[in-house]
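Visitor: here is a sequence with its predicted model. Questions after.
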Amino acid sequence: MKIWHFKSLAYISTFSILLSLNSCKNDSKSSSNSPNSESTINEINTYLTDFFSTEKDKSGITGIPLTFQCKNYFASNAKTFNIGTQSKNGDELTNESLFQIGSNSKVFLSVVMLQLEQEGLVSIEDPISKYLSDKYPLWKNIKIKNLLNMTSGIPNYTGEKDVIGEILIHFKNDPKKNVTSEEILFSVKDKPLLVQTTNKFSYSNTNYVLAGEIIKAITGKDISEEISDRIIKPLGLKNTFYITTYPKSNVKYPKHLMSGYYYITDDKFRIFDNWTDIIDFSMSWGNAAGSITANSIDLNNFIRSLFAGKLLNPDQLKKLTTMVDTNTGEELSEGVNEKSNSGYGLGIAAIYNSTLKEIEYRHGGGTFGFRSQMRYFPSIKASYVIAFNSSEVGKENEMTLYKNIDNYILKNCK
């Protein structure tokens, strides 16, 4: 789930979506004989260590996992860099280290919905009421597609109200509270739909909680089971977990969990004390909008498998990547381009990459103690996933780091 100064918990900003000191540790199959592999290690490691040295005493990060994959390096296999430690206690950061991926979870749910459509069990053009009856009368005519591409107008349950959304006021007082889907949806079900005049696009985590309930109504299974059966197990993602309550009780190896540190620079929006470790907080508040924990290797595997057609047939993948303009909410019939340079599909964002002269897919995520990014460059089949175990880092430093990695890929991976 996204966070940017907590004005909207789980809302890092539309731009950022659409946007160790250990030696590098590689996952299996990397090759030291790949061309320029040593210089790649040195250059990327420099970017990471420079960022880490700037941020570690300020935002409280202790570790940065990065998985990078490019056809020109490491025999086209993924390379994982681990900078720092899992926590302030000094536990070593490893390839198995787990972080909360926040709103990167959304594309997992969209994939499940589109798989159900492949099977003839649902249409994303169907209204909500077809599956949830009249339980939410204000939303009954909204299409499933409008949930997934953020054009529903349904208010965000993590939106502002005295710093945080109504449902999270209780969570603030009891971080171990188990928040149910029904509680989340009932907290906003009587609020009027947003007045959508100049822009029909409005990022709302409520959309994905509602979509998760529709999947449950169709299959009789919780979204956690569907994600596991349809994505995690088929792809062999052994370090990916949907957290229903507490991270330590929902992962196979709790020792691999990174601590996540709450940090915010604006006292006006502070919820917890800075540098609070949130790893024992319930993840139930994130629900289907942002409750997955994974390592960078699995998340990189997931995004590459998605665009390789391993999860969806071509028609469904096209639906997933059909974008609406984030400035107007109108469908981009010609896709993201130089003129309409940012869009949002079904749980995935895209920008027009001016260097490649074509689309680049991406998403960001954040929780009370983590920030992450996943990016995929389809024309050159390059990708990377990166995470920080702090809820806020220096925005300028963060953008510089992404720019350095992006430029490296665009320069060397064509």
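Guide: Okay, I see it.
Visitor: what's around Leu50, how many residues?
Guide: In this structure residue 50 is Asp, not Leu. For Asp50, the count of nearby residues is 14 (other C-beta atoms under 10 Å). (Each C-beta comes from the backbone N, C-alpha and C, glycine too.)
Visitor: now it: which helix or strand?
Guide: Following DSSP states H and E, one finds Asp50 within helix 37-55.
Visitor: what is the distance between that helix and the centre of its chain?
Guide: Its chain's average C-alpha position is 23 Å from that of helix 37-55, according to C-alpha atoms, centre = their mean, to the nearest Å.
Visitor: now do the buried residues in it.
Guide: For helix 37-55, the neighbour count (16 or more other C-beta atoms under 10 Å) marks Ser37, Thr40, Ile41, Ile44, Asn45, Tyr47, Leu48, Thr49, Phe51, Phe52, Thr54, Glu55 as buried.
Visitor: reformat the residues you listed as CSV; add pLDDT and distance to Thr355.
Guide: Listed next are the buried residues of helix 37-55 as CSV, based on pLDDT from 0 to 100; distance: C-beta to C-beta, whole Å:
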residue, pLDDT, distance to Thr355
Ser37, 69, 23
Thr40, 79, 18
Ile41, 84, 23
Ile44, 92, 18
Asn45, 93, 23
Tyr47, 95, 17
Leu48, 96, 22
Thr49, 96, 25
Phe51, 96, 21
Phe52, 96, 26
Thr54, 92, 25
Glu55, 94, 26
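Visitor: need these in a markdown table (columns: distance to His256).
Guide: Below are the buried residues of helix 37-55 laid out as a markdown table (distance: C-beta to C-beta, whole Å):
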| residue | distance to His256 |
| --- | --- |
| Ser37 | 27 |
| Thr40 | 26 |
| Ile41 | 23 |
| Ile44 | 23 |
| Asn45 | 22 |
| Tyr47 | 25 |
| Leu48 | 20 |
| Thr49 | 23 |
| Phe51 | 23 |
| Phe52 | 20 |
| Thr54 | 26 |
| Glu55 | 23 |
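Visitor: circling back to that earlier point, ok, residues contacting the helix holding Asp50?
Guide: The contact list for helix 37-55 (C-beta atoms under 8 Å, 6 or more residues apart in numbering) reads 21, 24, 30-32, 61, 64, 66, 68, 73-74, 79, 81, 83-84, 388, 390, 393-394, 397-398, 400-401, 404-405, 408, 412.
Visitor: alpha carbons of it, as CSV, please.
Guide: What follows is helix 37-55 as a C-alpha-only set of coordinates in CSV (Å, rounded to 0.1, in the frame of the first residue of the first chain):
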residue,chain,number,x,y,z
SER,A,37,29.6,-8.2,-15.4
GLU,A,38,32.2,-6.9,-13.0
SER,A,39,31.8,-3.3,-14.1
THR,A,40,28.0,-3.8,-13.8
ILE,A,41,28.4,-5.0,-10.2
ASN,A,42,30.6,-2.0,-9.4
GLU,A,43,28.5,0.6,-11.0
ILE,A,44,25.1,-0.5,-9.6
ASN,A,45,26.7,-1.2,-6.2
THR,A,46,28.0,2.4,-6.2
TYR,A,47,24.5,3.8,-6.8
LEU,A,48,23.1,1.7,-3.9
THR,A,49,25.9,2.4,-1.4
ASP,A,50,25.9,6.1,-2.1
PHE,A,51,22.1,6.2,-1.5
PHE,A,52,22.4,4.1,1.6
SER,A,53,25.2,6.2,3.1
THR,A,54,23.0,9.3,2.6
GLU,A,55,19.8,7.8,4.0
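Visitor: name the next helix or strand downstream of that helix, please.
Guide: Once the chain leaves helix 37-55, the next helix or strand it forms, by DSSP H and E, is strand 63-69.
Visitor: that following strand versus helix 37-55: what angle between them?
Guide: Inter-element angle recorded for strand 63-69 and helix 37-55: 150 degrees (by axes from the mean of the first three to the mean of the last three C-alpha atoms, to 10 degrees).
Visitor: I'd like to know which elements strand 63-69 is packed against.
Guide: Strand 63-69 is packed against helix 37-55, strand 79-84, helix 296-307, strand 382-388, helix 395-412, with contacts defined by 3 or more C-beta pairs under 8 Å, 6 or more residues apart in numbering; DSSP states H and E.
Visitor: partners of that strand, with directions?
Guide: strand 79-84 (antiparallel), strand 382-388 (antiparallel) (DSSP bridges).
Visitor: winner for burial among those strands?
Guide: Ranked by mean neighbour count, the strands paired with strand 63-69 are led by strand 382-388 with a mean of 28 (mean count of other C-beta atoms under 10 Å).
Visitor: roughly how far is it from the heart of the chain?
Guide: 11 Å.
Visitor: and the helices in the stretch 101-250 of the chain?
Guide: Applying DSSP state H, counting those that start in this stretch to the stretch 101-250 of the chain gives helices spanning 106-118, 129-132, 144-148, 166-173, 181-186, 206-219, 223-227, 233-235, 247-250.
Visitor: centroid residue for the protein?
Guide: Central residue of the chain (C-alpha atoms, centre = their mean): Asn104, 1.5 Å from the mean position.
Visitor: pLDDT wise, what is that one at?
Guide: Note on Asn104: pLDDT of 98.
Visitor: show the contacting residues for it.
Guide: So Asn104 contacts Gly290, Ile292, Leu299, His363, Gly364, Gly365, Ser372, Met374 (C-beta under 8 Å, 6+ apart).
Visitor: correct me if wrong, but the fourth one is in a strand.
Guide: Yes. Note on His363: a strand contains this position according to DSSP: H, G, I helix; E, B strand; the rest coil.
Visitor: and it, how many neighbours?
Guide: Neighbours of His363 under the rule other C-beta under 10 Å: 28.
Visitor: who does it bridge with?
Guide: Met374.
Visitor: what sits against it?
Guide: Counting by C-beta under 8 Å, 6+ apart, His363 touches Ile17, Ser103, Asn104, Lys106, Val107, Gly347, Ile348, Ala349, Gln373, Met374.
Visitor: which of these has the weakest pLDDT?
Guide: Within the contacts of His363, pLDDT reaches its minimum at Ile17, with 43.
Visitor: distance between the ends of stretch 283-298?
Guide: This stretch, stretch 283-298, spans 20 Å end to end (C-alpha to C-alpha, to the nearest Å).
Visitor: wait, Ile61 touches Thr85, no?
Guide: No. Ile61 lies out of contact with Thr85 (C-beta atoms under 8 Å); the separation is 10.0 Å.
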